[in-house]
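Visitor: Everything below, folded, please.
(one chain, ligands or ions: 1)
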Amino acid sequence: MNGSWKLIRNYIRNINFIRNVYVALIAFLSFMYDYKRFLAYGGWQDNMNDVKLRNYKQVMYYHTLEKSFSFKKRKPNWGWEKVSNLLNLLNIAKQSGSIGYHDKASKQILEKFIELPENINLEQSQRLKKELEQFDFNSNDIHGAMEYSLSDFNKGQLDKPEDFFLTRYSLREFKEQIVEDEIIHRAVRLAMKTPSVCNRQAWHIYHTGNSDVKNRVLDYQHGNKPFGKNIPNLLVVTTDLKAFFSSPERYQHWIDGGLLSMSLMYAFHSLGIATCALNWSQSPKNDKLLRKAVNIKPNHTIIMIIAIGYPNENNKVCISARRPFKEIYSTLEKR
Ligand SMILES: Cc1cc2nc3c(=O)[nH]c(=O)nc-3n(C[C@H](O)[C@H](O)[C@H](O)COP(=O)(O)O)c2cc1C
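Guide: Residues are numbered from 1 along each chain as shown. Now for the predicted structure:
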């Protein structure tokens with residue numbers, strides 16, 4: 001009896017060992033998949049002839065400058081290095097012959113930089129002004145820094161925030177009605193106010209209301225059974241790897257994409273549209289298969305899928321009770 005118990009125990013140990021090795025190996029291959037994508041599509045390659053990549057760099061530089069405009073005590077002499085980087089990128093854009101949003105924004109920020117009291121009388125500002133005159137385009141938007149009063153700030157306060165936050169539930173069954181583009185666009189615009197690292201806004205949202213395309217996406221998603229077939233509209237939230245320039249930023253696309261996703265869900269909630277996040281915690285194989293099945297750019301990392309639709313008059317949802325507050329909150333101070 002003793003001998004056979006030992007055999008069984010050893011057998012279980014071996015099975016556990018094999019399982020653990022298998023899990024570790026699959027994890028390694030999955031990390032390698034992410035690493036390969038970072039190598040293939042990440043912005044680290046610094047190819048400034050790639051318009052998208054150049055634009056992410058530009059926004060990073062001009063945002064750093066506009067950030068400095070917003071400080072009450074701005075460090076004089078600060079920013080000339082960013083100015084020179086921006087100017088280089090503007091010259092590359094001019095040579096390429098295609099001027100876009102970020103080129104115009106860059107130019108405006110540089111003009112405002114010259115106008116700063118500490119810069120206006122500098123010789124290098126005059127030189128910069130001359131250089132900027134060769135760019136015959138202007139931004140329609142206003143960039144830089146602005147006044148923002150307490151009363152503007154207070155407009156964001158809700159009388160009863162609980163009525164907004166605590167009434168959002170994941171809905172998995174919706175009305176049989178496609179959500180109109182107008183509403184979707186409005187929600188996306190609202191969600192675009194989401195903060196992102198250096199304001200890079202590396203998001204891209206794919207949308208479909210077409211049931212064939214939707215089913216192709218959901219075929220590869222684990223977590224939409226049995227309700228997937230009746231979802232009216234789907235969004236695939238992605239982030240562009242090109243926007244992230246170095247290894248410390250290797251996870252930034254997940255973070256920025258996650259933030260946008262939550263904003264989208266709240267934006268839809270504010271417009272009376274229900275949502276359910278659908279995870280894309282997927283194997284490399286499924287990630288590749290989905291990319292073959294639908295039109296997702298290879299440099300876009302899929303963050304999650306969001307099902308959207310109109311709620312029914314009567315709905316049933318999971319309570320999904322939240323953990324005790326104390327389990328997720330503590331102070332940083334050492335005791
Ligand atoms: C990133 C993410 C992925 C999710 N994936 C799925 C999924 O695949 N299928 C599903 O039915 N619900 C999914 N959910 C919904 C969660 O189950 C739900 O948000 C959670 O239970 C809390 O409930 P509530 O959203 O109603 O507050 C997901 C949620 C998040 C944030």
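Visitor: mind checking which helix or strand residue 14 is in?
Guide: Per DSSP states H and E: residue 14 is located in helix 2-41.
Visitor: distance between that helix and the chain's centre?
Guide: Averaging C-alpha positions (Cα atoms, centre = their mean, to the nearest Å) puts helix 2-41 32 Å from its chain's average.
Visitor: Ok, stretch 217-226 next?
Guide: Here stretch 217-226 is found 22 Å from its chain centre; the criterion is Cα atoms, centre = their mean.
Visitor: How about stretch 68-84?
Guide: In terms of Cα atoms, centre = their mean, the centre of stretch 68-84 is found 27 Å from the chain centre.
Visitor: I'd like to know how far the closest residue to the ligand within the stretch 101-250 of the chain sits from residue 278.
Guide: Residue nearest to the ligand within the stretch 101-250 of the chain (Cβ to the nearest ligand atom): residue 223, separated by 2.2 Å. Quick note: C-beta positions are derived from backbone N, CA and C, even for glycine. Per Cβ to Cβ, to the nearest Å, residue 223 is found 6 Å from residue 278.
Visitor: same question, residue 313
Guide: Residue 313 is 24 Å from residue 278, by Cβ to Cβ.
Visitor: One more: residue 59?
Guide: Residue 59 is 30 Å from residue 278, by Cβ to Cβ.
Visitor: Over to residue 327?
Guide: From residue 327 to residue 278 the distance is 26 Å (Cβ to Cβ).
Visitor: Please apply the same query to residue 308.
Guide: Applying Cβ to Cβ, the value for residue 308 to residue 278 is 11 Å.
Visitor: who's more crowded, residue 313 and residue 278?
Guide: residue 278 (22 against 5; other Cβ atoms under 10 Å).
Visitor: residues near the nearest residue to residue 45 once chain neighbours are set aside, how many?
Guide: Distances taken as Cβ to Cβ, 6 or more residues apart in numbering place residue 53 nearest to residue 45, at 7.6 Å, with adjacent residues excluded. Per other Cβ under 10 Å, the neighbour tally for residue 53 reads 23.
Visitor: So for the helix or strand residue 53 falls within, what gets flagged as buried?
Guide: In this assignment (DSSP H and E), residue 53 forms part of helix 51-69. Using 16 or more other Cβ atoms under 10 Å as the test for burial, helix 51-69 gives 51-66, 68-69.
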